[in-house]
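K.L.:
Sequence and predicted structure, then a few things I'm wondering about:
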Amino acid sequence: MKELNIQGPLDRHLVADTGYYRDTRRPTAKLWEFLGQPASAVVPASLAIAGYVVPALADLTFVAGGIFTGFVLARRPVLPMRMPAFSRRRDPVFPLHNSKRPGPAKGDMLLFHDRITRQQGWIATEDAKTHIELPGSSNSGKTNSLYVIFANLVAHGSGFIMVDGKGTNATWADTATLMRLYGREGDLRILNMVVASGSRESHTWNPFAHENADAIRNLLMTLFIPEDTGSGAESQKFFTARATDLITVMSDVVVWMRDVYGLPINLPTLRKLTSEFESLILLTPEDGAEIPYPRVNYWDNGRREWRMVTLAPETLPDGRRIRVFPERLSTAIRAYMAETGGYSRTKGLDAQSKVREQHSYVVGGFGATYTQLSNTFGHIFDVDDGDINIRDIMFNRRVLHVVLPSLENDQKVNARLGRFVTNAIRYGMAPAIGGQLEGERKRIVDNRISAAHTVFGVALDELPQYASQGADAIAALAREINFMLVLAFQEISSLYAQMGKDRANALLSNPRLKIIHSLEDATSTKEWIESGIPKVQVSVNARWQLGDLSGQYFDPGQADVREMPAFTWRDIVSQKRGQAIITFFGRRVFAQMLDLKLDSGGYLRVPEKLTRAPNCGPGTGDKAAAMSTQTARNAILKGAVALTPEDRTKPAGQIGLLCDAYARAISQDLSPIDEAGVVHDYLAQVLGVPAGRPEVSSPPEKANQEPPAAASPAAAAPTEAAAPPATEDHAVADDDSAGSAVPTPAKEGPVAPFQVLVEAYLRVSGRDPVPSREPTNAPDYEFEASAEA
């Protein structure tokens, strides 16, 4: 055969696995290891067979078996990581602090099995709080390892936040299935920013609703101010500084409006206050203005209109008048206008076009981001108070799954959205640190809102896609406040480009537990991995010796001690899916991660929303049988209770009566209290009996039947005032609706079980109670089916 021109080594040149390293342990150490393996069962089996075959050896085999059993029972089991807490044993691997005595078993999170010994791999909650690094290339089992960690957290009754940089719905399906397995679907929230398919299935979120001024300022700066502003021209630095000043001032303004007047902080209000120069003028009126008091425009999501609030001075009981709008805020706004374009209060607004021009340069970069949040993501952010509250999720141990659009937008846009979410998480953690300094230690330190027996997880998957400077702050402080950070990535070259090498290395140096899956990047990632591999002293074969006659090389039986890495890059690259090398506190384990097979069968549902944005109906690409807000409103007005147009029949009995009451209430533009009054009046009118009417104990006849001869005309048919309205769409009452379905009342008070409901409406609307009676066994009311039904 023709020899191939290959310079590299072939398979026949490779040294066998057992031909390089030497096992130089003592025989007793090897014996103890053997006793801990399943193969050691051959010893008692052999003794039992020998005693059975040769009965004369029974006494000898019995004594030998007892000695062997004593050895087995006396040995201390040692696991690759922690001993499980339920074993109630001592853990020799992790001794007590400042002592050589074995510590208690603390393992409460099962992650893997040792590939060599097949032993279980447990970690403790305190180990998880040191954070986890999870590097791994595509199809290496990185996502499965994430959900193994999540399953432990959910089993503890805790929760996690999963930020998915890939933007796929497969991870959402795994999260929903995991929560369903543990019966916690009600604790699940989804923040879905993928809209290319036309779907708008997401919970709502207003990150500014409950934050303080500093948090709102930093969140807005994350959206509008790029992180690399230091390399721009002088003019760019000037306008960036002016934009920062404007954001700082208006953050204080909107927080003051919310705390004092209860005005909502939403995107339209923020956009008007930061972008329109006239809004600044309204907040700082001139001395001779027609209305000399500060005024502010805000967007009312309930009424879907702009509203104006005049901040007039308040009059004290002694007759003095004090300013409502703080002078420090007025001074800060005037300082911004003066420093931006030389605004002067003595000149008219029309004569200061330069100020407007300079202000437009300052806010010129705000428009694209505001438009994206209000239009593209309006179904998420266009609310006063959304379903998602980061602090509620963290401190009440819920689960939030964030899906970032990895392919829809530009890389810079995706990075900005990711940084926005990451910073919101960081500010959500802030209250857990504790700001009170005086008081009993048990109250201000030991009983902080972060003092829990379980750890809360924050997983940043595909970290280089959206890494920001806030991530390193989370890693540095989260351990103290009982949070676990999981950093998952494929390579670190893009992380260096996103954050800078120094800041990225500072972030990656925080986690102590590393789960290294198969990797392929042989440049920066290989250099980073090899720099962190622990060094160990090993016994190796010094040389091979050539035989005299056979021409074969043989082992001379010599060994040298050398310092070698605990594992090599080849060990990492050659790993199969689900395999990993775990390092922790100087230990190295070749692990097989648990295979978490989440059943993806069944119908996946987004948990019910608590609030609903005005424009969050189904997208154009959604073919499911869903209804928008307006369609649902019209359906209720028509008496429908089903989602499909084919099944819109009006319910019968008392439920149908309640639907008619609600239909009349929502058909009018009233406040909630007035709507409650309308429902009350309708129920009291239909279920009550006017004064002087005799009580009827038998069921009423239908409207199209002749009344009994003994019954009075008043008892045979209800009066026009007592008839419930039933127009063509079962909605608004008309005077000429005499031919519609009318329920006939049977007693003076509300019929059970509506007694409590009607009284509740009475209390809300401020009306007097309707006289009630004890419930009878009278049957439900019957309705005449209308032509429409």
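P.N.:
Nice, thanks for sending it over. Not measured: the values here are computed from a predicted model.

K.L.:
bridging residues for Ile132?
P.N.:
With DSSP bridges applied, the residues forming beta bridges to Ile132 are Val486, Leu513.

K.L.:
Correction: the previous question concerned Ile581.
P.N.:
Under the criterion DSSP bridges, Ile581 forms beta bridges with Ile516, Phe590.

K.L.:
and after the strand or helix carrying Thr269, which helix or strand comes next?
P.N.:
Assessed by DSSP states H and E, Thr269 sits inside helix 267-275. Using DSSP H and E, the helix or strand that follows helix 267-275 in sequence is helix 277-283.

K.L.:
for Asn459, helix, strand, or coil?
P.N.:
Not quite, residue 459 is Ala, not Asn. strand (DSSP: H, G, I helix; E, B strand; the rest coil).

K.L.:
what residues are up against it?
P.N.:
Taking CB atoms under 8 Å, 6 or more residues apart in numbering, we find Ala459 in contact with 146, 149-150, 160-163, 486, 488. C-beta: built from backbone N, CA, C; applies to glycine.

K.L.:
where's it relative to Leu35, distance?
P.N.:
Using CB to CB, to the nearest Å, one obtains 40 Å as the distance from Ala459 to Leu35.

K.L.:
now Pro268
P.N.:
Distance, Pro268 to Leu35, using CB to CB: 73 Å.

K.L.:
the domain parsing of the protein - what is it?
P.N.:
24-74, 206-385, 629-765 (automatic domain parsing).

K.L.:
Neighbours of Pro313, how many?
P.N.:
13 (other CB atoms under 10 Å).

K.L.:
on that earlier part again, list the helices and strands the helix holding Thr269 packs on?
P.N.:
Packing partners of helix 267-275 (3 or more CB pairs under 8 Å, 6 or more residues apart in numbering; DSSP states H and E): helix 234-261, helix 277-283, strand 295-300, helix 366-371.

K.L.:
Need those in a markdown table (columns: mean pLDDT and distance to Gly51).
P.N.:
Output for the helices and strands packed on helix 267-275, formatted as a markdown table (pLDDT from 0 to 100; distance: least, CB to CB, whole Å):
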| stretch | mean pLDDT | distance to Gly51 |
| --- | --- | --- |
| helix 234-261 | 87 | 85 |
| helix 277-283 | 87 | 97 |
| strand 295-300 | 89 | 90 |
| helix 366-371 | 86 | 83 |
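
K.L.:
Output those as JSON lines; include the columns mean neighbour count.
P.N.:
Converted to JSON lines, the helices and strands packed on helix 267-275 look like this (neighbours: other CB atoms under 10 Å):
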{"stretch": "helix 234-261", "mean neighbour count": "18"}
{"stretch": "helix 277-283", "mean neighbour count": "18"}
{"stretch": "strand 295-300", "mean neighbour count": "19"}
{"stretch": "helix 366-371", "mean neighbour count": "15"}
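
K.L.:
among these, which is nearest Asp410?
P.N.:
helix 366-371 (10.8 Å; CB to CB).

K.L.:
Put the alpha carbons of the closest one into PDB.
P.N.:
Presented in PDB, the C-alpha positions along helix 366-371 are these (Å, rounded to 0.1, in the frame of the first residue of the first chain):
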ATOM      1  CA  PHE A 366     -34.800  58.800  21.700                       C
ATOM      2  CA  GLY A 367     -37.400  58.400  19.000                       C
ATOM      3  CA  ALA A 368     -36.400  55.100  17.500                       C
ATOM      4  CA  THR A 369     -36.300  53.400  20.900                       C
ATOM      5  CA  TYR A 370     -39.600  54.900  22.100                       C
ATOM      6  CA  THR A 371     -41.200  53.800  18.800                       C
END
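
K.L.:
Mind giving me the packing neighbours of that helix?
P.N.:
Right, helix 366-371 is packed against helix 213-224, helix 267-275 by 3+ CB pairs under 8 Å, 6+ apart.

K.L.:
Please narrow the contacts of Ala459 to those residing in strands.
P.N.:
Here DSSP state E is the test, and these give 160-163, 486, 488 as lying in strands.

K.L.:
Of these, which is the most crowded?
P.N.:
Ranked by neighbours (other CB under 10 Å), those are led by Phe160, which has 28 neighbours.

K.L.:
measure that one to Ala170 for me?
P.N.:
In terms of CB to CB, Phe160 sits 17 Å off from Ala170.

K.L.:
ok so Glu211 is a strand residue?
P.N.:
No. Counting by three-state DSSP, Glu211 is not found in a strand; it is coil.

K.L.:
The residue nearest to it when sequence neighbours are not counted: what's it in contact with?
P.N.:
Counting by CB to CB, 6 or more residues apart in numbering, Glu211 lies nearest to Tyr427, which is 6.2 Å off, once chain neighbours are set aside. Shown in contact with Tyr427 (CB under 8 Å, 6+ apart): 211, 215, 218-219, 390.

K.L.:
Doesn't Tyr427 lie inside a strand?
P.N.:
No. Looking at Tyr427 with three-state DSSP, it is helix, so not inside a strand.

K.L.:
separation between it and Asp384?
P.N.:
Here Tyr427 is placed at a distance of 19 Å from Asp384 (CB to CB).

K.L.:
what does Ile666 give?
P.N.:
Using CB to CB, one obtains 20 Å as the distance from Ile666 to Asp384.

K.L.:
Report the two of the contacts of Tyr427 separated the most.
P.N.:
Asn218 and Ile390 (13.8 Å).

K.L.:
returning to what we had before: make JSON lines from the contacts of Tyr427 and add distance to Ile444 and neighbour count to it.
P.N.:
Formatted as JSON lines, those follow (distance: CB to CB, whole Å; neighbours: other CB atoms under 10 Å):
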{"residue": "Glu211", "distance to Ile444": "23", "neighbour count": "23"}
{"residue": "Ala215", "distance to Ile444": "22", "neighbour count": "20"}
{"residue": "Asn218", "distance to Ile444": "26", "neighbour count": "20"}
{"residue": "Leu219", "distance to Ile444": "28", "neighbour count": "21"}
{"residue": "Ile390", "distance to Ile444": "23", "neighbour count": "21"}
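
K.L.:
how about those in CSV, adding distance to Lys514 and pLDDT?
P.N.:
Output for these, formatted as CSV (distance: CB to CB, whole Å; pLDDT from 0 to 100):
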residue, distance to Lys514, pLDDT
Glu211, 34, 88
Ala215, 32, 89
Asn218, 31, 88
Leu219, 32, 89
Ile390, 28, 92
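
K.L.:
In space, what's closest to Asn218 - neighbours in sequence excluded?
P.N.:
Asn423 (6.2 Å).

K.L.:
Downstream of the helix or strand where the one you found lies, the next helix or strand is which one?
P.N.:
In the assignment (DSSP H and E), Asn423 maps to helix 411-429. With elements assigned by DSSP H and E, the helix or strand that comes after helix 411-429 is helix 441.

K.L.:
May I have the predicted confidence score for the residue lying closest to Leu96 once chain neighbours are set aside?
P.N.:
Nearest non-adjacent residue to Leu96, counting by CB to CB, 6+ apart: Gly103, 4.8 Å away. Gly103 carries a pLDDT value of 88.

K.L.:
Doesn't Ser539 lie inside a strand?
P.N.:
Yes. Assigned with three-state DSSP, Ser539 falls within a strand.

K.L.:
number of nearby residues for the residue nearest to it when sequence neighbours are not counted?
P.N.:
Nearest residue to Ser539 in three dimensions, chain neighbours excluded: Arg22, at 3.9 Å (CB to CB, 6+ apart). Around Arg22 there are 18 other residues, counting by other CB under 10 Å.

K.L.:
Quick check: Arg22 vs Gly602, distance?
P.N.:
According to CB to CB, Arg22 stands 55 Å off from Gly602.

K.L.:
go on, Tyr662?
P.N.:
Separation of Tyr662 from Gly602 (CB to CB): 33 Å.

K.L.:
who has more neighbours, those two?
P.N.:
A side-by-side neighbour count of Tyr662 and Gly602, using other CB under 10 Å, places Tyr662 first with 16 against 10.
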